[in-house]
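In: Using only what follows, build the 3D model:
(one chain, ligands or ions: 2)
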Amino acid sequence: MATNRTFTMIKPDAVEAGNIGGILNMITEAGFKIVSLKLTQLTTADAQAFYAVHNARPFFGELVEFMTRGPIVAAILEKDNAVEAFRTLIGATNPADAAEGTIRKKYAKSIGENAVHGSDSDENAAIEGAFHFAGREQF
Ligand code: ATP
Ligand code: MG
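Out: Ligands and ions are numbered 1, 2, ... in the order given. Below you'll find the predicted structure:
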């Protein structure tokens, strides 16, 4: 159900740094069930579509370049109140502002290269999950 699922990506910086295992461990330790999981890579068109809401922002080109430069891990996660609970677990966009114990506090390098994505609404969680996973891949 949309209200207890969210979508995440482990971004290229964290995959390059060997942090897939550490981040998935924090996610499961926090009580999220993994519903879908894959290693994949975004094309330029994928990244432009995924972050279309930011296409007028000055950092858009840099964001697309970053998100396409290497593999990402895509996942659908399940927990009560998943969207909000996961945003709390990942911490602020800028790791300098991220709370202790959050994924971005531990693994993010900068406001641009910030290790993980988390959906910002139930509606976007459903759209983003469907962008990456066919129904038969959602357990
Ligand atoms: P995400 O959507 O990836 O979970 P977020 O919701 O915390 O992150 P958004 O405001 O949606 O933050 O920004 C999307 C992404 O764009 C950020 O995670 C970051 O990678 C990049 N970004 C945001 N602000 C900046 C900035 N000022 N400079 C460079 N990159 C930025
Ligand atoms: Mg966002």
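In: C-alpha from now on. contacts and neighbour counts both.
Out: Will do.
In: quick one, what contacts the most centrally placed residue in the chain?
Out: With distances taken as CA atoms, centre = their mean, residue 117 lies nearest the centre of the chain, 2.4 Å away. With contact taken as CA atoms under 8 Å, 6 or more residues apart in numbering, residue 117 is in contact with 7-11.
In: Please identify the helix or strand for residue 105.
Out: Secondary-structure element containing residue 105, defined by DSSP states H and E: helix 103-107.
In: my bad, residue 9
Out: Element membership of residue 9 [criterion: DSSP H and E] is strand 5-10.
In: what comes into contact with that strand?
Out: Residues outside strand 5-10 that contact it (CA under 8 Å, 6+ apart): 20, 23, 72-83, 86, 115-119, 122, 125-126, 128-129.
In: Tell me who's in contact with residue 64.
Out: The neighbours of residue 64, taking CA under 8 Å, 6+ apart as the test, are 44, 47-48.
In: Any chance of the residues you listed in a markdown table with distance to residue 63 and neighbour count as columns?
Out: Formatted as a markdown table, those follow (distance: CA to CA, whole Å; neighbours: other CA atoms under 10 Å):
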| residue | distance to residue 63 | neighbour count |
| --- | --- | --- |
| 44 | 10 | 15 |
| 47 | 8 | 18 |
| 48 | 9 | 20 |
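In: So which of those residues is the closest to residue 34?
Out: Of all the contacts of residue 64, residue 34 sits closest to residue 47, with 22.9 Å by CA to CA.
In: give me phi/psi at the closest one?
Out: Torsion angles at residue 47 (phi, psi; degrees, to the nearest 10) stand at phi -70, psi -40.
In: Quick one, grab the pLDDT at it.
Out: pLDDT for residue 47: 97.
In: What residues does this protein have near ligand 1?
Out: 59, 63, 93, 111-114, 117-119 (CA under 6 Å from any ligand atom).
In: So which residues of this structure form helices?
Out: 12-16, 20-29, 44-50, 60-67, 82-90, 103-107, 122-132 (DSSP state H).
In: just for this protein, where's the confidence low?
Out: Low-confidence regions of the chain, defined by pLDDT under 70, span residues 1-3.
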